[in-house]
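Colleague: When you get a sec, could you give me coordinates for this:
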Amino acid sequence: MSFETKVNPSYYKNGKVECIDAIEAATINKSGLESYCTGNIIKYLWRCEEKNGLEDIAKAKWYLDKLYEHMNKKDRKSTRLNSSHG
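Modeller: Numbering: from 1, shown residues only. Down below sits the predicted model:
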């Protein structure tokens, strides 16, 4: 197996679009945990039909739940800060 096949297997290509390019576009204005979780959600959903099926969907859901939890905390913190300065 070549290096190219190991780092860029066929299940990361969908037509003319590669998963890494979709992740880059989706995370361009994100950072930290938001970027990481978003990238993993895309990755696992992208490859699920050709690699691990429901296992990949479960992994995507785990990252989605983590992202939701993070964003919810961030939103609550922002709401508290805004209400205390009003």
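Colleague: How about residue 56, nearest residue that isn't a chain neighbour?
Modeller: Leaving aside its sequence neighbours, residue 56 sits nearest to residue 48 (Cβ to Cβ, 6 or more residues apart in numbering; 3.7 Å). Every C-beta, even on glycine, is put in place using the N, C-alpha and C of the backbone.
Colleague: cool, residue 13 as well?
Modeller: Distances taken as Cβ to Cβ, 6+ apart place residue 19 nearest to residue 13, at 7.4 Å, with adjacent residues excluded.
Colleague: The residue nearest to residue 56 contacts residue 57, doesn't it?
Modeller: Yes. Between residue 48 and residue 57 there is a contact under Cβ atoms under 8 Å: 5.3 Å.
Colleague: neighbour count winner among the two?
Modeller: More crowded of residue 48 and residue 57, by other Cβ atoms under 10 Å: residue 48, with 18 against 14.
Colleague: Can you give me the pLDDT of residue 6?
Modeller: Residue 6 carries a pLDDT value of 63.
Colleague: What of residue 3?
Modeller: pLDDT for residue 3: 57.
Colleague: Which secondary structure elements does the lengthiest helix in the chain sit against?
Modeller: For the chain, the helix that runs over the most residues, judged by DSSP state H, is helix 54-84. Here helix 54-84 touches helix 32-47, going by 3 or more Cβ pairs under 8 Å, 6 or more residues apart in numbering; DSSP states H and E.
Colleague: Report pLDDT for the residue nearest to residue 56.
Modeller: Residue-level confidence at residue 48 comes out at 95, pLDDT.
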